[in-house]
Structures are given as structure tokens and as C-alpha cells.
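Novice: Have a look; sequence and predicted model below, questions after that.
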Amino acid sequence: TELTGNAGEVIEFVVTNTGTQSHNMVVAGPDNEYDTADDFVPQPYAIKAGETGRVVVKIDDPGTYLFRCAFHPNIEFGTLVLQ
């Protein structure tokens, strides 16, 4: 539920779906709001069962940023802490 990294660095998250439903990982961008133009979204957007996706993030300012699965936002979420 908490991931850490360094502000200003490119961070790549490799997301492997071991479940039976589609999932993803959306990181709120510098504005820390979802569904805005600065969100970091996975490729592919829907990571189907057995597939792997990637999310590449670069945020210059230290802080705590939200992430979640857009398909299951109330149960799959966390924070990215950048130092």
C-alpha cells in the first residue's frame, strides 16, 4: 500500500496481473488528483489476467502521491512517497 522513490527520477512499475479480472495502476500526477491530464497510466491501460503492464512515473517534487486501480478504486489503492 506504500511505495517509495526519489523525486525527479524516472520510476518504472512493472505490474503483473495474477488475478482473474482486469486491473491497472494509475498514479495521480503532480496535482495529486485522479482523472486529470497529469495522471500516469499503465500501458496497456487494462492489464488482463496473466498479462503484465508498465507505469512510468516522473514527479519532480517530493511528497506523497496517490495511486489506485481504476477498476477497483475502493479496495486497491495506496501511496507513492517521493523523497
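Specialist: Looks like it arrived, so ask away.

Novice: which residues touch the residue of the chain positioned farthest from its centre?
Specialist: Outermost residue of the chain with respect to the C-alpha centroid, by CA atoms, centre = their mean, is Thr20; its distance is 19.5 Å. Residues counted as contacts of Thr20 (CB atoms under 8 Å, 6 or more residues apart in numbering) are Ala49. C-betas here are computed from N, CA, C, even on glycine.

Novice: who are the neighbours in contact with Gly78?
Specialist: With the criterion set at CB under 8 Å, 6+ apart, Gly78 makes contact with Thr1, Glu2, Leu3, Leu66, Phe67, Arg68.

Novice: Excluding chain neighbours, what is closest to it?
Specialist: Nearest non-adjacent residue to Gly78, counting by CB to CB, 6 or more residues apart in numbering: Thr1, 3.9 Å away.

Novice: quick one: average confidence on stretch 26-36?
Specialist: What stretch 26-36 shows for mean pLDDT is 97.

Novice: what's the first-to-last distance across it?
Specialist: Stretch 26-36 has an end-to-end distance of 11 Å (criterion: CA to CA, to the nearest Å).

Novice: Could you list the buried residues of it?
Specialist: Neighbour counts over stretch 26-36 (16 or more other CB atoms under 10 Å) mark Val26, Val27, Ala28, Gly29 as buried.

Novice: which residues touch that stretch?
Specialist: Here stretch 26-36 makes contact (CB under 8 Å, 6+ apart) with 13, 37-42, 55, 57, 59-61, 63, 65-70, 80.
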